[in-house]
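> sequence first, predicted coordinates after that:
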Amino acid sequence: MTEDRNMEKKKLLFVFNPKSGKGQIKNRLLDILDTFVKSGYEVVAHPTQAKDDARLMIEKHARNYDLVVCSGGDGTLDEAVSGMMESPVKVPIGYIPAGSTNDFAASLKIPKNMLRSADIAVNGKLFPCDVGGFNEDYFSYVAAFGLFTDVSYQTSQNLKNVLGHGAYIIEGAKRLVDIPSYILEVEVNGEVIRDEFIYGMITNSTSVGGIKNMTGKDVMLDDGLFEVNLIKFPQNPLQLNEILTNLMMPKAIDTQYIYSFKTDHMILRCENQAIPWTLDGEFGGNHRDVEITNHKQAVQFMVKAKR
């Protein structure tokens, strides 16, 4: 009888970054595991040992579980989503945010409180969410290049832990004195755009870098469309000021210096150099040619159930 009952138990794989967000999970780990077990799950817990560990673990083993829960920052979540996209069997993902900024958790309305988010991970409802394809890679909520985009992976973990998302702002402000630009050809929505850009972001999120509403209006995470903002090279401080004003107040985006649109597919080419990209705040490699595709509702997340 006991054997039969054990066989019926649901299985949960818990993958967590023990160093993320000041190592805050250490004080909550037993309570989190207790929440999972009380919800009827047999739990296997795996603390990540190195970069890409979460992706490989989920890609190889997700098929053997009913639910995968990950905990860490946006980078850990990116690995979890990438691993699930490569898994032959897609299972739902629960997320317990433990990073500095947690942009995507905010978009999914997953609380920062770890025990509340743990409860949602096992007792919430399913939400089918879009996933970004970036050449052969994936991203959860943002692919970006140019100004500020290398900030996250050049900011030390210690600085991230002490200052939270203020660390990104401090590091980014240092870059304003020397703005790199890239001449790009962009194929999108049946048109070709050729221009010089200092920044570009392709997003599926209501915030980036902890700044809400920066991605645009009417953002939906399951509509099969990205919000795209491409910022032209400013010729003088007045143009730069207009760009920054429009970025911080997106309801008023009305400037000739920003291309702003929605799409499910685009190709970006830079003939004269490889551009450094970031995917979900982590370094995504240097690329001359990039193809970005929206995989509509490709992964299911556990989100708060409406009462």
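On my side now, so go ahead.

> make it CA atoms for all contacts and neighbour counts henceforth
Will do.

> how many other residues sit next to the residue nearest to residue 134 when sequence neighbours are not counted?
Excluding its sequence neighbours, the residue lying closest to residue 134 (Cα to Cα, 6 or more residues apart in numbering) is residue 292, at 4.8 Å. By the criterion of other Cα atoms under 10 Å, residue 292 has 22 neighbours.

> please name the residues that touch residue 292.
Residues in contact with residue 292 (Cα atoms under 8 Å, 6 or more residues apart in numbering) are 132, 133, 134, 135, 265, 266, 267.

> likewise for residue 239?
Residue 239 touches residue 257, counting by Cα under 8 Å, 6+ apart.

> ok but residue 127 is inside a strand, no?
Yes - Residue 127 forms part of a strand when assessed by DSSP: H, G, I helix; E, B strand; the rest coil.

> surely it meets residue 300?
Yes - between residue 127 and residue 300 there is a contact under Cα atoms under 8 Å: 5.3 Å.

> what sits against residue 194?
Contacts for residue 194 (Cα under 8 Å, 6+ apart) come out as 183, 184, 185, 186.

> just the buried residues of those residues.
For the contacts of residue 194, a burial check counting by 16 or more other Cα atoms under 10 Å picks out 183, 184, 185, 186.

> now, which of these lie within strands?
183, 184, 185, 186 (DSSP state E).

> can you list those residues in CSV and add distance to residue 278?
As requested, these are arranged in CSV below (distance: Cα to Cα, whole Å):
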residue, distance to residue 278
183, 18
184, 17
185, 19
186, 18
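
> out of these, who's nearest residue 15?
Proximity of those to residue 15 (Cα to Cα) peaks at residue 186, which lies at 37.5 Å.

> quick check: that closest one vs residue 275, distance?
Distance, residue 186 to residue 275, by Cα to Cα, to the nearest Å: 14 Å.

> distance to residue 238 and pLDDT added to the ones in strands among the buried ones among the contacts of residue 194, as a markdown table?
As requested, those are exported to a markdown table (distance: Cα to Cα, whole Å; pLDDT from 0 to 100):
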| residue | distance to residue 238 | pLDDT |
| --- | --- | --- |
| 183 | 21 | 95 |
| 184 | 23 | 96 |
| 185 | 26 | 97 |
| 186 | 26 | 97 |
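
> in a helix, residue 76, correct?
Yes - according to three-state DSSP, residue 76 belongs to a helix.

> and it, how many neighbours?
Close neighbours of residue 76, defined as other Cα under 10 Å, add up to 28.

> likewise residue 120?
Applying other Cα under 10 Å, we find 20 residues neighbouring residue 120.

> let me know the pLDDT of the residue nearest to residue 225 when sequence neighbours are not counted.
Of all residues not flanking residue 225 in the chain, residue 264 sits nearest, at 4.7 Å (Cα to Cα, 6+ apart). On pLDDT, residue 264 comes in at 97.

> now residue 264: how far from residue 226?
Distance of residue 264 to residue 226, computed by Cα to Cα: 6 Å.

> residue 28 too?
Distance, residue 28 to residue 226, by Cα to Cα: 35 Å.

> neighbour count for those two, which is higher?
Neighbour comparison, residue 28 and residue 226: the larger count goes to residue 226, with 30 against 13 (by other Cα under 10 Å).

> thank you, goodbye.
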